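A.B. asks: Got a predicted structure plus its sequence, pasted below:
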Amino acid sequence: MKARILKVIVILQFLVLPILGQNKPDTIRISDDIDLIKLSDNAYLHISYLQTKSWGKVGANGLLLVKNGEALMIDTPWNDEQTEELTSWIKDSLHATITAIIPTHWHEDCMGGLRYLQSEDVKSYAGQRTINIAKEKNLPVPQYGFTDSLSINFQNIPVECYYFGGGHTIDLIEVWLPTEDILFAGDVLKDIKSKSLGNIADADIKAWPITVKRIAKRFPKAKTVIPGHGNIGGADLIEHTLKLLEE
């Protein structure tokens, strides 16, 4: 009897484990400092890692849209070297060329690789506030700016950019991909494991909760929500961030 039960358990394990595995995203290790996770037929999460003095080794999230031999990047890796490495891998493995980049704010985890992409004649779009700050700080300056919203048609995939107000920085924007049901929120939202707001050196603490509430109102049922750092989630990241702001 015990042998029969054990046999049944083993059979169930072989049946269930492959099913569970199918639900896990495919992670591609590009290098020690760059990972890529496929989210849909056209969308990939890229994660780059940098050893920092204040926070240790930090992973930063970005997004790629890839279709018909072209790629659109939302936020670069931390620096030009990582961005060149990711760009080369995209060319060799996905057979696509990056044609556009959207940095969501001026920090290095969003546009640290912009100089390299511009040397490759990649078009860059950003909020006008980001452009203004880049000029003030002598950083690479994105080409095309907008004040409140911008819509880009990338290979028949609509890409919608919005400015809802200050938060982690005064210039941070959010990017909505309606056909993919993905909201790239960036550093305005914290991942579910975060116990603090992280780096607030350039934050607008007073405006931050107002901005998050505007995002909640605009995207109440976003299926996939991507914070600037940490694991992706859903609308629960909005509520979690609001709680952190209240604390």
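C.D. replies: Received the coordinates, thanks.

A.B. asks: Which is the succeeding secondary structure element to the strand ranked longest in the chain?
C.D. replies: What stands out as the longest strand in the chain, according to DSSP state E, is strand 56-67. Next helix or strand after strand 56-67 toward the C-terminus (DSSP states H and E): strand 70-74.

A.B. asks: Which positions in that following strand come out as buried?
C.D. replies: 71-74 (16 or more other C-beta atoms under 10 Å). From N, CA and C alone the C-beta is placed, and that goes for glycine too.

A.B. asks: Now pLDDT and distance to Ile173 too, for the residues you listed, in CSV please.
C.D. replies: Shown next, in CSV, are the buried residues of strand 70-74 (pLDDT from 0 to 100; distance: C-beta to C-beta, whole Å):
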residue, pLDDT, distance to Ile173
Ala71, 98, 20
Leu72, 98, 15
Met73, 98, 14
Ile74, 98, 10
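
A.B. asks: From these, pick the one nearest Lys91.
C.D. replies: Using C-beta to C-beta, Ala71 comes nearest to Lys91 of these, at 9.0 Å.

A.B. asks: Isn't that closest one up against His46?
C.D. replies: No. Using C-beta atoms under 8 Å, Ala71 makes no contact with His46, being 10.5 Å away.

A.B. asks: Quick check: neighbours shared by these two?
C.D. replies: Common neighbours of Ala71 and His46, using C-beta atoms under 8 Å, 6 or more residues apart in numbering, are Leu64.

A.B. asks: Low-confidence stretches in this protein?
C.D. replies: 1-25 (pLDDT under 70).

A.B. asks: Okay, strands next: where are they in it?
C.D. replies: Using DSSP E, the strands found in the chain span residues 26-31, 34-38, 43-52, 56-67, 70-74, 97-102, 123-127, 144-146, 149-154, 157-162, 174-177, 182-186, 224-227.

A.B. asks: who touches the residue positioned nearest the centre of the chain in this structure?
C.D. replies: When the chain is reduced to its mean C-alpha position, the nearest residue by C-alpha atoms, centre = their mean turns out to be Gly62, at 3.3 Å. Applying C-beta under 8 Å, 6+ apart to Gly62 gives the contacts 45-48, 73-77, 110.

A.B. asks: likewise Leu64?
C.D. replies: Contacts of Leu64 by C-beta under 8 Å, 6+ apart are 36, 43-46, 71-74, 90.

A.B. asks: For the residue nearest to the centre of the chain, give the beta-bridge partners.
C.D. replies: Each beta-bridge partner of Gly62 is listed here, defined by DSSP bridges: His46.

A.B. asks: how close does it get to Leu245?
C.D. replies: Applying C-beta to C-beta, to the nearest Å, the value for Gly62 to Leu245 is 24 Å.

A.B. asks: next one: Ala43
C.D. replies: From Ala43 over to Leu245 (counting by C-beta to C-beta), the distance is 28 Å.

A.B. asks: okay, these two: which has more neighbours?
C.D. replies: Of the pair Ala43 and Leu245, Ala43 is the one with more neighbours under other C-beta atoms under 10 Å, namely 24 against 17.

A.B. asks: isn't that one right up against Leu177?
C.D. replies: Yes. Counting by C-beta under 8 Å, Leu177 is a contact partner of Ala43 at 6.9 Å.
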